[in-house]
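Trainee: Using only what follows, build the 3D model:
(one chain, ligands or ions: 2)
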Amino acid sequence: MTLAAASAQDGRFMAVALTMARRNTGRTGPNPSVGCVLTQGEGADARIIGRAVTAGGGRPHAETLAISGAVEPVAGSTAYVTLEPCAHHGKTPPCAEALIDAQVARVVVAIEDPNPKVAGQGITALKKAGIEVSVGVAAREARDAVAGFLSRIERQRPHITLKLATSLDGRIAAHTGASQWITNDLARRRAHMLRASHDAIMVGSSTALIDDPLLTCRIAGLEAHSPIRIVADGRLRLPLTAKMVRSATEIPTWLLTLGKADPARAQAFGDCGLEVLAVPEGDDHLMNMAQAMKMLGERGVNTLLVEGGAHLASSLLQNELVDRLVWFRAPSIIGGDGRGAAAAIGVDHPDMAPKFHLSDVRRLGDNMMEVYEFEI
Ligand code: AOF
Ligand code: ZN
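Mentor: Numbers count the residues shown, from 1 in each chain. Ligands and ions are numbered 1, 2, ... in the order given. Purely as a prediction, here's the structure:
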């Protein structure tokens, strides 16, 4: 096989491993969802003999599942992994050791694992055992697939996606507060799917008060993948009768609040099964959102989906805490007396506005879904 053909083949098998990895995004936290593909044969004879993704809940890891489920002998095979195989003894022995024991001949790794417990040691162990290792195949796509895990390890905070559903002119509600529904059914279902692929979902207290949402994933078959629910509620305004409070014993629900919030009220939420997390106060006497995100990172949240409202959106934008925007837009115009997607962020000149670049556009019937990444 020529070098070019070999590297094209590596790219194709790694693409399959990445597809596997994406299957469990949002379901393995705090572990990343990793994909592993095992192949035998070269060139036209190359075939997949095993494939797996990190199991829901984070264990077992992808490599051990791919090895145990392989349909042909694994000795002499090539393993494609979207993240460096681990080298540490956790609840299971390290994956690097499992690959060595299975006598894999070659390991193709998309990216190194930045977890200090691994950080190159998996690759070193494989090489020491005489296994050929190639690193960097489809690295950009692999970084994207585990963006949340990388963010938590490298920046000590989750990867944050802000979801907005607006009219063409960026309004999330009419001046009366009425907002149901601006976007169409397809867009709303897509938004539910977004919930299933995140570890946690957050709303501000006004949204929680006005909409009284459940914040669960209500797509048939995905109900069990509802993320942790978080309400940013500095003054504990959420009523104890809210749907989220009443269902907190079934679905993990956290309240972020200011340290000085009424302890008796915090206790009442605790009694209902919610976890109340005290966030330090910022200069503006509101919760310091950078600190709040750090706390979520410490609790293992890799990916956070923020669903509004306007004040939470603006405070995250002001603090450069929005990594991705998913914007659902309906073909209607609510006008200037409607409520804007973000409250004031104090931009005096367009040059100062937070900037994003477009990474995806989809038509959902007559609605649009636009995805933007933060411009660093
Ligand atoms: C792999 N394959 O499928 C995943 C890996 O707590 P543990 O023992 O399960 O280890 C968690 C760490 O393992 C996690 O922080 C990350 O570094 C790595 N994830 N490694 O070899 C996998 N999910
Ligand atoms: Zn592992």
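Trainee: all strands for the stretch 1-150 of the chain, in order.
Mentor: Using DSSP state E, counting those that start in this stretch, the strands assigned to the stretch 1-150 of the chain run over residues 35-40, 47-53, 78-83, 106-111, 132-135.
Trainee: could those strands go into TSV alongside distance to residue 29 and mean neighbour count?
Mentor: Using the backbone N, CA and C atoms, a C-beta is placed for each residue, glycine as well. Shown next, in TSV, are the strands of the stretch 1-150 of the chain (distance: least, C-beta to C-beta, whole Å; neighbours: other C-beta atoms under 10 Å):
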stretch	distance to residue 29	mean neighbour count
strand 35-40	16	26
strand 47-53	14	20
strand 78-83	15	30
strand 106-111	18	23
strand 132-135	25	15
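Trainee: I'd like the average pLDDT over the helix or strand in which residue 269 is found.
Mentor: Element membership for residue 269 (DSSP states H and E) is helix 263-271. Averaged across helix 263-271, pLDDT comes to 93.
Trainee: Which SSE is immediately downstream of it?
Mentor: Reading on from helix 263-271 to the C-terminus, the next helix or strand found by DSSP H and E is strand 275-279.
Trainee: This protein: helices as residue ranges?
Mentor: Using DSSP state H, the helices found in the chain span residues 3-23, 62-68, 95-101, 121-128, 139-145, 147-155, 185-196, 205-211, 243-246, 263-271, 289-298, 310-318.
Trainee: how about those in JSON lines, adding distance to ligand 2 and mean neighbour count?
Mentor: Listed next are those as JSON lines, based on distance: least, C-beta to the ion, whole Å; neighbours: other C-beta atoms under 10 Å:
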{"stretch": "helix 3-23", "distance to ligand 2": "13", "mean neighbour count": "17"}
{"stretch": "helix 62-68", "distance to ligand 2": "6", "mean neighbour count": "24"}
{"stretch": "helix 95-101", "distance to ligand 2": "3", "mean neighbour count": "23"}
{"stretch": "helix 121-128", "distance to ligand 2": "8", "mean neighbour count": "19"}
{"stretch": "helix 139-145", "distance to ligand 2": "15", "mean neighbour count": "18"}
{"stretch": "helix 147-155", "distance to ligand 2": "13", "mean neighbour count": "21"}
{"stretch": "helix 185-196", "distance to ligand 2": "24", "mean neighbour count": "17"}
{"stretch": "helix 205-211", "distance to ligand 2": "38", "mean neighbour count": "19"}
{"stretch": "helix 243-246", "distance to ligand 2": "35", "mean neighbour count": "18"}
{"stretch": "helix 263-271", "distance to ligand 2": "36", "mean neighbour count": "14"}
{"stretch": "helix 289-298", "distance to ligand 2": "21", "mean neighbour count": "20"}
{"stretch": "helix 310-318", "distance to ligand 2": "33", "mean neighbour count": "21"}
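Trainee: any chance of the ones you listed in CSV, plus distance to residue 228?
Mentor: What follows is the helices of the chain, written out as CSV (distance: least, C-beta to C-beta, whole Å):
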stretch, distance to residue 228
helix 3-23, 20
helix 62-68, 23
helix 95-101, 27
helix 121-128, 29
helix 139-145, 21
helix 147-155, 13
helix 185-196, 11
helix 205-211, 15
helix 243-246, 11
helix 263-271, 15
helix 289-298, 9
helix 310-318, 16
